[in-house]
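Chemist: Below is the structure, and that's it, no one-letter string:
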């Protein structure tokens, strides 16, 4: 006899989901169920604790003794274990945040469970930050091994195109063989006798061994073929194939099945297309593009690059930098082509980008955010038309390249964002000196800026000025900090999802706005408060730690969370790309694995805590 | 809380019924059950309580009982270690509609124990407790009928009805089905349970009772404060 509902529930939630049905069933019978109305104390600080708590429904808040720091746990959340594990008195208060039904597992049962099932001890590692670090580490490792696995474990069979192999007989004339290769549009021709591979001939052989040596075309092809070529089997893996090719400097490998019949030919470009460093290739192609259309067609391969990098197990930070590099190259090349078409600029100027590209944190499906900072020698009458046309060339080109027009019209084509340095400074000064909540939310993006082309000094000069003003203006900082704390990290999201309310079915998790933006905001607050010139969020946080504004540990917690969330986003984007749909930031929670869900929860908690810290630190003196 | 004269009268009548049944139970298998009675002035936290639910093929008193599920509530906690669910062997063919509701088929019901064995196990756990049920008069009449059937002895016991308690403690205008177990649970933020076996419903009822007591926000509730009233 089982307490079905309890067994089902435990079986759905980590870490109990890792246990066998029998163990869960026995565990369920040890549970005591209690109900706590909102605001009721579930566990008080500095007390003996007798039981592990599991949120069955509702939500609880963990309050760290003596601070305002808190974690919220929704359905399936587990609490109260540090004191049990370490036989200490409780350090946190646990309060019912909503009316909550709580399962309690008595201490002795909990400790026995841990003894019996080592797999659970990882889950109960000391706190969420630590759990998250373990998860990122695990992800990185599995990512790497997945990447290597991609190389090692991918069988050549899976790369083969399935159409029939074109073959000829060694007795055929060279002319016949060459004609067949032309007709079939192949560069390699295996020569077989009753299915058995005897030799191979390639385009290069025809050039070097036939034309170059004046061999008559009526001669049998066997005279010039490579005899008994190296072959590989369908079961061989990709990495061995690449090794063989590079060792013997050959570009084609015949693939045979277990009865030695030829089933296909794999070329080095087949392998490179799939596993080469095509991020660099794309950048090189963009830089070689002769017109905007060529830039666009190269830049549009960014999706394929992204999917490939993810598949190869590259971490989110590097993926974002590759993707950003492609974005930057696109901007630079378009501007170069525009200047070629319109002539050299009449006064110096800088192309400045804002937001994720400025931070080198770009993902798939980004829009454009840019402006021109013009030298103060700019004269509207004389130079206005030039820059307007250049801006149009750039923004149209970006749009065709997949960086769609900015919905908020933050583009150099907008007069507002195509101004001399002095006007830009005036505008920032206005934002900083007269902040209002509405303003602040709309202007934060402008505080992440980077020069991608043109006269860098213009951007540097603006930035120095901004930081001098911002770090001295506590009121402005408090507004920025408030805006940062404004975002709702979707802690309750998973609870709603797990309840599977039918009316919520259309709900999606917006990772960009709900989880990534808060980290970016936190990093920006530190950058503005400390006058940091770094733009990348991770670099900003690390710099803040160097200046002792943040602990190293806090930075590594945030950075781990950031990395984890972005890796989830990238992996889902790569999935979307593979399925032929445009990458988005919206995830259907149904697509999240349990692993992702659990650790996203941890990451959200870490982020929320740090939002609270930033808000207390800088948003305090607003009234 | 002071009992009104009606409750005083009810308690008198209960005492008389209890004594009569106790007398009738002498030298029957039910004698042991009548050895202990939970005092009405006991603190609810200290009182042993059992949430009980029967599955049956109908609601009439002579309905065939299919399953009994129960779980103990002690110190404001549901103790799942005490949870029991016993199938009762069918004596007659099932009637159609209830079978659909409870998804108990003839085959599944046939696996059960005899009604008498199930009752004995249940009575052993019910001894000295108050019984929590949703629409407890039904469980009351089922128990009474079954005990008469098996042992020729009436069943007398203290009942707590979560349906009545809701109406008494939190009176308001409600829809016709506003006092149903599922509806009330949802109002207390309690999870939705898909299953409707005896044990799940007993657990559901026990949890509702805890929620009601918590919302009542009264210190030191006594057993008499929550008992079902006539």
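Modeler: Done, it's in. Please read all numbers here as calculations on a predicted model, not as lab measurements. Residues are numbered from 1 along each chain as shown, chains lettered A, B, ... in the order given.

Chemist: hey, let's count contacts and neighbours off CA atoms from now on
Modeler: Will do.

Chemist: so how far is stretch B:148-156 off the chain centroid?
Modeler: Centroid separation for stretch B:148-156 versus its chain: 16 Å, with C-alpha atoms, centre = their mean, to the nearest Å.

Chemist: what does that stretch rub up against?
Modeler: Judged by C-alpha atoms under 8 Å, 6 or more residues apart in numbering or on different chains, the contacts made with stretch B:148-156 from elsewhere in the structure are B:17-18, B:21, B:24-25, B:28-30, B:115-116, B:140, B:143-145, B:147.

Chemist: in it, what counts as buried?
Modeler: When neighbours are counted by 16 or more other C-alpha atoms under 10 Å in any protein chain shown, the buried residues of stretch B:148-156 are found to be B:151, B:153-156.

Chemist: contacting residues for the residue in the stretch 251-400 of chain A positioned nearest to chain B?
Modeler: Closest contact between the stretch 251-400 of chain A and chain B, by C-alpha to the nearest C-alpha, is at residue A:316 (37.8 Å). With contact taken as C-alpha under 8 Å, 6+ apart, residue A:316 is in contact with A:310, A:563-564, A:566-567, A:570.

Chemist: just the residues you listed now: which is nearest residue A:445?
Modeler: Compare each of those with residue A:445 using C-alpha to C-alpha and the shortest gap goes to residue A:566, at 18.8 Å.

Chemist: before we move on, the earlier item: any idea how far the nearest residue to the residue of the stretch 251-400 of chain A closest to chain B once chain neighbours are set aside lies from chain B?
Modeler: Excluding its sequence neighbours, the residue lying closest to residue A:316 (C-alpha to C-alpha, 6 or more residues apart in numbering or on different chains) is residue A:567, at 4.9 Å. Distance, residue A:567 to chain B, using C-alpha to the nearest C-alpha, to the nearest Å: 33 Å.

Chemist: and residue A:567, how many neighbours?
Modeler: Number of residues near residue A:567 (other C-alpha atoms under 10 Å in any protein chain shown) recorded here: 23.

Chemist: Off-centre distance for the helix or strand containing it?
Modeler: Residue A:567 belongs to helix A:552-578 when assigned by DSSP states H and E. Using C-alpha atoms, centre = their mean, we find the averaged C-alpha position of helix A:552-578 to lie 6 Å away from the chain's own average C-alpha position.

Chemist: Show me which residues of it are buried.
Modeler: A:554-577.

Chemist: next one: stretch A:378-395
Modeler: Counting neighbours by 16+ other C-alpha under 10 Å, stretch A:378-395 gives A:378, A:386-388, A:390-395 as buried.

Chemist: Ok, stretch A:427-436 next?
Modeler: Neighbour-count burial for stretch A:427-436, with 16+ other C-alpha under 10 Å as criterion, is recorded at A:428-429, A:431-432, A:435.

Chemist: can you list contacts of that stretch?
Modeler: If you take C-alpha under 8 Å, 6+ apart as the criterion, stretch A:427-436 is touched by A:439-440, A:443, A:466, A:469-470, A:473, A:475-476, A:479.

Chemist: repeat that for 7 Å
Modeler: Around stretch A:427-436, the neighbours that count as contacts under C-alpha atoms under 7 Å, 6 or more residues apart in numbering or on different chains are A:466, A:470, A:476, A:479.

Chemist: how does chain A divide into domains?
Modeler: Each structural domain of chain A that the record assigns through automatic domain parsing is listed here as a residue range: A:4-124, A:156-274, A:277-431+A:445-454, A:477-622.

Chemist: buried residues in stretch A:202-220?
Modeler: For stretch A:202-220, a neighbour-count test (16+ other C-alpha under 10 Å) marks A:202, A:205-206, A:209-210, A:217, A:220 as buried.

Chemist: returning to that earlier point: please flag which of the buried residues of stretch A:378-395 sit within helices.
Modeler: Taking DSSP state H as the definition of helices, the buried residues of stretch A:378-395 contribute A:386-388, A:390-395.

Chemist: remind me, longest helix of chain B?
Modeler: Under DSSP H, the helix in chain B containing the largest number of residues is helix B:5-25.

Chemist: what does the stretch 51-200 of chain A put close to chain B?
Modeler: The stretch 51-200 of chain A has residues A:57-58, A:99, A:101 near chain B, with proximity defined as C-alpha under 7 Å from any C-alpha of the partner chain.

Chemist: Understood, closing this out.
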